[in-house]
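Peer 1: Structure of the sequence below:
(one chain, ligands or ions: 3)
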Amino acid sequence: MMGRRIWDISQPLHPGLPVWPGDTQFAQAKTWQMSESLPVNVSALTMSTHSGAHADAPLHYSEGGADIASVDLAAYLGECMVIDARRAAHLIESSDLPEDVGADRVLFRTFEVFPRDNWKADTTAIAPETVNRLAGQGVKLIGIDGPSIDPQESKDMSAHKAVLKHDIRVLEGLVLDDVPEGRYELIALPLPIVGGDASPVRAILRDLP
Ligand SMILES: N[C@@H](CC(=O)c1ccccc1NC=O)C(=O)O
Ligand SMILES: [Zn+2]
Ligand SMILES: [Zn+2]
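Peer 2: Ligands and ions are numbered 1, 2, ... in the order given. Next comes the predicted model:
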């Protein structure tokens, strides 16, 4: 009997992974190399907390906000609605949303093709009014395929301020190219990085039973 399909919506982490301009490049180095005398391979990672598919902590956009080890996990696990927002312009506006998103978690697709090997500077972000509208519908988590819910030139971080106001969780850097619009089960748990402003996640969607 076929199980429920799993959609992997995470970016593979590898040297050369496109990261935010000026952010830490992904690197992996051997601590121990398996040999005649050594039974194991062990390596060390150097990476931005915002590498690939990741979850922001409130600490990232609010001094004194909760770190990623403290956030409640319930938001990262459960029914979500994937919305095709490719028609949106610079910001996803309320007019780009259906009347009612009909789920506690919303993931926005903005890319025709996810830029796996190059950094795209002018990505679509989310208008703060859209965050406020989703909060009014009880949304607990907002995800996007772009690198940020704010524009890359943002100075006021208005979308992050809006998610802070409503205590909504954030996922960024998702890969949604192959995922049709609709309802799925989301699983995208952050690591308990004490003091972390964000954490990489292995984000997946599962068809609903
Ligand atoms: N993934 C990060 C990207 C980021 O660091 C950032 C977002 C908007 C404006 C500036 C940023 N970072 C450094 O200047 C974010 O949470 O939006
Ligand atoms: Zn981030
Ligand atoms: Zn963010």
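Peer 1: Could you work out the end-to-end span of stretch 82-94 for me?
Peer 2: Start and end residues of stretch 82-94 are separated by 15 Å (Cα to Cα, to the nearest Å).
Peer 1: any bit of that stretch sitting next to ligand 1?
Peer 2: No - applying Cβ under 6 Å from any ligand atom, one finds stretch 82-94 out of contact with ligand 1, separated by at least 13.4 Å. From N, CA and C alone the C-beta is placed, and that goes for glycine too.
Peer 1: pLDDT of that stretch, averaged?
Peer 2: Mean pLDDT, computed over stretch 82-94, is 97.
Peer 1: how far out from the middle of the chain is that stretch?
Peer 2: Its chain's average C-alpha position is 16 Å from that of stretch 82-94, according to Cα atoms, centre = their mean, to the nearest Å.
Peer 1: next one: stretch 138-145
Peer 2: 9 Å.
Peer 1: From the rest of the structure, what touches that stretch?
Peer 2: Applying Cβ atoms under 8 Å, 6 or more residues apart in numbering, the external contacts of stretch 138-145 come out as 74-76, 80, 101, 103-111, 114, 125-126, 131, 134, 149, 163, 168-177, 186, 188, 203.
Peer 1: can you list the weak-confidence ranges in the protein?
Peer 2: Applying pLDDT under 70 to the chain flags the ranges 1.
Peer 1: go again using 80 as the cut-off
Peer 2: 1-2 (pLDDT under 80).
Peer 1: need the helices for it, in chain order.
Peer 2: Applying DSSP state H to the chain gives helices spanning 58-61, 128-136, 158-166.
Peer 1: Dump these to a markdown table, plus distance to Ser43 and mean neighbour count.
Peer 2: As requested, the helices of the chain are exported to a markdown table (distance: least, Cβ to Cβ, whole Å; neighbours: other Cβ atoms under 10 Å):
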| stretch | distance to Ser43 | mean neighbour count |
| --- | --- | --- |
| helix 58-61 | 26 | 20 |
| helix 128-136 | 38 | 19 |
| helix 158-166 | 33 | 20 |
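Peer 1: For Arg105, see how far away Ala188 is.
Peer 2: Per Cβ to Cβ, to the nearest Å, Ala188 is found 9 Å from Arg105.
Peer 1: Repeat that for Thr24.
Peer 2: Using Cβ to Cβ, we find Thr24 at a distance of 28 Å from Arg105.
Peer 1: And the two? Which one has more around it.
Peer 2: Taking neighbours as other Cβ atoms under 10 Å, Thr24 and Arg105 compare with Arg105 leading, 27 against 13.
Peer 1: so what's the more buried one closest to, chain neighbours aside?
Peer 2: Distances taken as Cβ to Cβ, 6 or more residues apart in numbering place Cys80 nearest to Arg105, at 3.5 Å, with adjacent residues excluded.
Peer 1: same question, Leu91
Peer 2: Per Cβ to Cβ, 6+ apart, closest to Leu91 is Ala127, 4.1 Å.
Peer 1: What's the local residue count around Arg206?
Peer 2: Neighbours around Arg206, by other Cβ under 10 Å: 14.
Peer 1: Is it correct that it is in contact with Arg5?
Peer 2: Yes - look at Arg206 against Arg5 with Cβ atoms under 8 Å: they come within range, at 7.0 Å.
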